[in-house]
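In: Mind looking at a prediction? Sequence and model below.
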Amino acid sequence: DSPSTPQFGEFPFVVVSNRLPVDRVIDAEGNSTFRTSPGGLVTALEPVMREADGAWIGWTGTADDEAEPFENDGIHLIPVALSDEEIELYYEGFSNDTLWPLYHDVIAPPAYHREWWESYVIVNQRFADRAAEVSAEGGTVWVQDYQLQLVPRMLRNQRPDLTIGFFNHIPFPAYGIYSQLPWRTQIIEGLLGADVIGFQRTADAGNFSRAVRRLLGYQSKGTVIDVPVEAESEVASAKHRISTVRDDKLVRTVVAKAFPISIDAASYEDLAHRPDIQARAVEIRNGLGNPDVVMLGVDRLDYTKGIGHRLKAFGELLADGDLDVEEVTLVQVASPSRERVRTYQKLRDEIELTVGRINGDYSTISHTAISYLHHGYPREEMVALYLAADVMLVTALRDGMNLVAKEYVATRFDNDGVLVLSEFAGASDELRTALRVNPHDIEGLKEAILQAKQMPKSERARRMRAMRKRVQENDVARWSSSFLAALATPSHDLALPKAN
Ligand code: GDG
């Protein structure tokens, strides 16, 4: 199709993400079917999808899966196939071993490989082509996350009639770090194809706008960036976002702004009210030998989560005699993640060595210092763990948001429990009454852990109440509706009036 005569598809609202919100499962007869994989994004978008007759484009999670579009739980799902090699180069390589460490402040060294980049471009083009094919004329497409940053520009080239949103679930780094990326200009050009670019934190949006100014010299005012218009077709079809600037140049106005993501808070609270889940929470504490204080960490086993720093602080407190295994247990759920990427294999070895050492040194026959679980659990079990935990430790070195922190808060309808929260997690912008820590400061982290253990009940309740109010008000439905509202608003209304 030439860009001037686009073919239109049938869906007025389309979500594009690397993974479809379903998993392939094999039933008792050996037939392969799909099951919805529960997650905040699906919960948030399901109602919007149903109302708008939406479709979701993504990979099924299986290599070379040429599945045809299908419907699951009332949502149209449109698979994009990835080969084994593309999973290695585009997904495990460029997405998870270049962009992920770079965007998390190079906690691990990013690897730069030209063949990974080439695969990233090819796969992004495939997602963009699919979105261009299925979207209805004048429709809205919402692209998700760092694996697909080139899609907005690729899509606009083919379909300037569309309104395009992008949301970045992970941080966007400061320019001094971002500028390492050999393809730094292509990536921001890719993102600027969107009308609204959403970030977790105001600081992320600022880092992005600065990168745009430094690399492309485009002007920005507040959250609005002026992007010179490249094609005439863009002017005709995106009128409400076109302005004139100096010298009668035409620009598209692009909004780059924070939309902090959240969880379906009510559903967590509902689970927490279930008698069987409360009974399970009691059972968990009994199983741990009924310590006075249960501390909890829940993370994908990822080097951004600061699990090692947490273990170091906990181990030193045991060594100093400030904590006693007869009184305190740390439960650490480390759910398996990206197990084919080498950095993750190394991390697992390091963490398991540390856990083994601490347990060897401090556990007794009846009390284990750290109950370490390298498993994924059903959501019910996660909620039981949250209910069982007096202290929740979120010590990420860098994290877009950290939903675990919000889930813990949503679960604690009893207004009890203490959240220790890294200031490097997006959630710390909102959860101001958590015990906020710098996880690199091991002494400070140790003090916070002791403070959490000793905090009087009235103070726990005061802090938790404030956090719960925030999470209940700003839930994931609110997040998606505010993003989509911004996407539907001509950016003129968001910027200062321009001569036009
Ligand atoms: C990315 C960004 C941002 C974990 N283990 C199990 C399990 N989980 C669930 C948690 C939570 C989710 O996975 C993890 O979300 P996080 O936000 O904590 O972290 P990432 O996976 O890194 O997510 C992050 C997020 O995107 C959203 O934008 O907040 O910053 O990195 O919901 O509960 N769930 C179950 N079993 C497990 O074992 N059921």
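Out: Yep, it's here.
In: Stretch 141-159 close to the ligand?
Out: No: if you take CB under 6 Å from any ligand atom as the test, stretch 141-159 misses the ligand, and the best it gets is 7.7 Å. For the C-beta atoms, the positions are set from N, CA and C on the backbone; glycine is no exception.
In: Tell me how many other residues surround G198.
Out: 26 (other CB atoms under 10 Å).
In: Also A265?
Out: 24.
In: That one and L403 touch, don't they?
Out: No: applying CB atoms under 8 Å as the test, A265 and L403 come out as separate, 10.7 Å apart.
In: So which elements touch the helix or strand hosting V48?
Out: Using DSSP states H and E, V48 maps to helix 40-52. Counting by 3 or more CB pairs under 8 Å, 6 or more residues apart in numbering; DSSP states H and E, the packing neighbours recorded for helix 40-52 are strand 11-19, strand 55-59, strand 75-79, helix 476-488.
In: so which of those gets nearest the ligand?
Out: Of all those, helix 476-488 sits nearest to the ligand, with 9.3 Å by CB to the nearest ligand atom.
In: For that closest one, output the C-alpha coordinates as PDB.
Out: What follows is helix 476-488, C-alpha atoms only, in PDB (Å, rounded to 0.1, in the frame of the first residue of the first chain):
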ATOM      1  CA  VAL A 476      -5.400   1.400  37.100                       C
ATOM      2  CA  ALA A 477      -8.800   2.300  35.600                       C
ATOM      3  CA  ARG A 478      -8.100   5.900  36.400                       C
ATOM      4  CA  TRP A 479      -4.600   5.500  34.800                       C
ATOM      5  CA  SER A 480      -6.000   4.300  31.500                       C
ATOM      6  CA  SER A 481      -8.800   6.800  31.400                       C
ATOM      7  CA  SER A 482      -6.500   9.700  32.100                       C
ATOM      8  CA  PHE A 483      -4.100   8.500  29.400                       C
ATOM      9  CA  LEU A 484      -6.900   8.000  26.900                       C
ATOM     10  CA  ALA A 485      -8.400  11.400  27.800                       C
ATOM     11  CA  ALA A 486      -5.100  13.100  27.100                       C
ATOM     12  CA  LEU A 487      -4.900  11.200  23.800                       C
ATOM     13  CA  ALA A 488      -8.400  12.500  22.800                       C
END
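In: So which residues on this protein come close to the ligand?
Out: Residues of the chain lying near the ligand (CB under 6 Å from any ligand atom): 169-170, 261, 298, 300, 333, 335, 376-379, 382, 399-404, 407.
In: Out of those residues, which sit inside helices?
Out: Using DSSP state H, the subset of those located in helices is R379, M382, L403, V404, E407.
In: ok, now how distant is K221 from the ligand?
Out: Distance of K221 to the ligand, given as CB to the nearest ligand atom, to the nearest Å: 27 Å.
In: my bad, should have said L89
Out: Distance from L89 to the ligand, by CB to the nearest ligand atom: 22 Å.
In: Look up the closest residue to that residue, ignoring the ones flanking it.
Out: Distance criterion CB to CB, 6 or more residues apart in numbering; nearest residue to L89, sequence neighbours excluded, is S119 at 3.5 Å.
In: So for the chain, the centremost residue is which one?
Out: By CA atoms, centre = their mean, the chain has its centre lying nearest to H169, at 3.8 Å.
In: Next up, the contacts around the residue nearest to L89.
Out: E85, E86, L89, Y90, G93, F94 (CB atoms under 8 Å, 6 or more residues apart in numbering).
In: Then P69?
Out: P69 neighbours (CB under 8 Å, 6+ apart): A55, H76, L77, I78, P79.
In: The closest residue to the last one other than its chain neighbours in helix, strand or coil?
Out: Okay, so that is P79. Nearest residue to P79, sequence neighbours excluded (CB to CB, 6+ apart): A67, at 4.4 Å. Under DSSP: H, G, I helix; E, B strand; the rest coil, A67 falls in the coil class.
In: cool, E133 as well?
Out: Judged by three-state DSSP, the three-state class of E133 is helix.
In: what's the neighbour count on it?
Out: Counted with other CB under 10 Å, E133 comes out at 18.
In: try P336
Out: The number of residues packed near P336 is 12, by other CB under 10 Å.
In: Can you tell me how far V341 is from R348?
Out: Look at V341 and R348: by CB to CB, to the nearest Å, they are 11 Å apart.
In: How about G321?
Out: Separation of G321 from R348 (CB to CB): 30 Å.
In: coming back round to it: contacts only, for the residue nearest to P79.
Out: A67 neighbours (CB under 8 Å, 6+ apart): T60, P79, A81.
In: Over to the closest residue to the ligand within the stretch 101-250 of the chain: give its phi and psi.
Out: Going by CB to the nearest ligand atom, the ligand is nearest to H169 of the stretch 101-250 of the chain, at 3.5 Å. When read as degrees, to the nearest 10, the backbone of H169 gives phi -80, psi -10.
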